[in-house]
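*Asks:* give me the fold of what follows.
(one chain, ligands or ions: 1)
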Amino acid sequence: MNIGVILNRVFRINNNPLFEYINQQKDAFDKCYLIIPKETFEEKGTDKKANYYYGTLEKFLHKLKEHHIEPYVIDYSELGMFCTEHDIKEIVMAGDIMSYHQERYDIRHLKQAFKNHDIPVITINVNHYFKPSNTMNQQGQPYKVFTSFYKAHRSKLRQHSSYQYHLSDIANKCSQSQQTITNDYHHDGQSEDQALNNWKDYLNHSIQNYKKDREYLPEVLTSQLSIVLAYGLIDIKQIITDLLEGYEENENNYESFIREVMFREFYYVLMAQYPHIAHEAFNEKYRTIQWSYNKEEFNRWCEGKTGFPIIDAAMNELNETGFMHNRMRMVVSQFLTKDLFIDWAWGEDYFRKKLIDYDAASNVHGWQWSASTGTDAVPYFRMFNPTRQSERFDKDALYIKKYIPIFDNVPAKFLHHPFQHQTQLVKKGIQLGKDYPEPIVDHKVAREHVMTIFKNI
Ligand SMILES: Cc1cc2nc3c(=O)[nH]c(=O)nc-3n(C[C@H](O)[C@H](O)[C@H](O)COP(=O)(O)OP(=O)(O)OC[C@H]3O[C@@H](n4cnc5c(N)ncnc54)[C@H](O)[C@@H]3O)c2cc1C
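*Replies:* This next block holds a predicted model:
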């Protein structure tokens, strides 16, 4: 019997449970076909993300080749046919990938595609620490409040030993595709070695200041593990092991970090259990909200032209780098869903196209948190004021100036709400409405609108 092992977004040679599976089962099958279904990025504006993906994939293929492993890189639509042609009778794959670019690449769609070809699928937990079925509350339901989930499962984190296999055994058991690997994306993406080095560096030098640094905007001082995890470059069990090993050095900061990683697990369990919330409000009573679908305002938000420098700087960060700080993800998503009252699903989709660390579970829940439609979401009456957020988190306007260079010579105090300082801006050569947009919305008026709508539901 031949089997197919799918390595979608599990771009690592170390601590890869799929390789361990092949090693453990090697006597039970004749030949193994390693398959990487290649994602496509058709929509306009996805180039940065596409390049990152292809670059990371290319680096992974080169690394595998060093170990004489040559997977088959094929289109998602060819999976069924490929199995028929190669007499593959069973598929093994990660059941918990959430970082796919298109929903049609998710586990439910893949399982259905193989079912249509009568091929059984074995799924393995590869990208998350917990199996959803092991995290239910006493009523057999997923925890819907993060602190309860955290209290119930934090103590279950433990140190793990490495997965057991030799790459030479995998090479011997797998068919070689002999496909040519290009070097077209040499400057894009990240290799597993880079990811591991950065992670070690982060543990050695930065995690000790996590609580303070995570809100610092002008530079990214957080781990950027979200990118690493989105491509499966480091095993989550290895990350947890490293965190527990170093824990006693600085419990406070390590615990804060672990808490965030647990958020990712929490959102994953909810998403696995309630996949429909990718498209509708988690909280049923908010499903009837009449959101705005104003395209012009939406485009101004996307392009960083709202007239609120802190929002525009963050959108420029996203558009230029494919990344955005967590604080700013919260601020811009609240701005879109509250100040502009635009459907969170539009924002969620824009992030999907742009974020190189896109993860459906974290993104959908992040957006529903901001829109107050999610589980354990921000209460609607705690609506962020963009000007206050700017004063608080970018006091010296260093982040604003980094992403909106036209403000380079303007004192920070005029940049949190430029509309109130037009005379001073003109003296600096900036005219609102000409050199920089006037504000798209009056926050006070928007706030009243939001309060009225939510109160009346
Ligand atoms: C509207 C919105 C959309 C988001 N979209 C995504 C997304 O598409 N992909 C994504 O990975 N994260 C998303 N997040 C969560 C969070 O912003 C990112 O995980 C974080 O900014 C990544 O940077 P980091 O790895 O340097 O984080 P660090 O601060 O170094 O945190 C370490 C790890 O903890 C996890 N984590 C941290 N904060 C969160 C959080 N709020 N929710 C879930 N997990 C968290 C991530 O895996 C992260 O890599 C979103 C948040 C919001 C508010």
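
*Asks:* for the ligand, what are the nearby residues on the stretch 351-457 of the chain?
*Replies:* Contacts of the stretch 351-457 of the chain with the ligand, taken as CB under 6 Å from any ligand atom, map to F351, L355, D357, Y358, D359, S362, N363, G366, W367, S370. From N, CA and C alone the C-beta is placed, and that goes for glycine too.

*Asks:* can you list these in CSV and add secondary structure, neighbour count and distance to Q112?
*Replies:* Putting those into CSV (DSSP: H, G, I helix; E, B strand; the rest coil; neighbours: other CB atoms under 10 Å; distance: CB to CB, whole Å) gives the following:
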residue, secondary structure, neighbour count, distance to Q112
F351, helix, 22, 26
L355, coil, 24, 26
D357, coil, 21, 27
Y358, coil, 21, 22
D359, coil, 24, 22
S362, helix, 24, 24
N363, helix, 24, 23
G366, helix, 23, 27
W367, helix, 26, 26
S370, helix, 26, 32
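
*Asks:* just flag the most distant two among those residues.
*Replies:* Within those, two members stand farthest from each other by CB to CB: D357 and S370, at 17.4 Å.

*Asks:* quick check: what element follows the helix or strand where Q112 lies along the chain?
*Replies:* Using DSSP states H and E, Q112 sits within helix 107-116. The helix or strand immediately downstream of helix 107-116 is strand 121-124, counting by DSSP H and E.

*Asks:* list the contacts for L196?
*Replies:* By CB atoms under 8 Å, 6 or more residues apart in numbering, the contact set of L196 is N14, L233, I234.

*Asks:* tabulate these (JSON lines), appending distance to M451.
*Replies:* Converted to JSON lines, the contacts of L196 look like this (distance: CB to CB, whole Å):
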{"residue": "N14", "distance to M451": "52"}
{"residue": "L233", "distance to M451": "44"}
{"residue": "I234", "distance to M451": "44"}
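
*Asks:* which among the residues you listed gets closest to the ligand?
*Replies:* Minimum distance to the ligand across the contacts of L196 is 10.6 Å, recorded for I234 (CB to the nearest ligand atom).

*Asks:* and for the closest one, the neighbour number?
*Replies:* 20 (other CB atoms under 10 Å).

*Asks:* can I assume it is in contact with N197?
*Replies:* No - look at I234 against N197 with CB atoms under 8 Å: they stay out of range, at 10.7 Å.

*Asks:* any regions of the protein where pLDDT drops low?
*Replies:* Counting by pLDDT under 70, the chain contains no low-confidence range.

*Asks:* other SSEs contacting the host helix or strand of E245?
*Replies:* Here E245 sits within helix 236-246, counting by DSSP H and E. Judged by 3 or more CB pairs under 8 Å, 6 or more residues apart in numbering; DSSP states H and E, helix 236-246 is in contact with helix 192-205, helix 251-273.

*Asks:* could you give the angle of that helix to helix 251-273?
*Replies:* Helix 236-246 and helix 251-273 meet at an angle of 160 degrees, taking axes from the mean of the first three to the mean of the last three CA atoms, to 10 degrees as the criterion.

*Asks:* in helix 236-246, what counts as buried?
*Replies:* I236, K237, Q238, I239, I240, T241, D242, L243, G246 (16 or more other CB atoms under 10 Å).

*Asks:* out of those, flag the one nearest to I342.
*Replies:* I236 (33.7 Å).

*Asks:* so what's that closest one up against?
*Replies:* N127, H128, Y129, L229, V261.

*Asks:* counting neighbours, what do you get for the last one?
*Replies:* Other residues near V261 number 18, with proximity taken as other CB under 10 Å.
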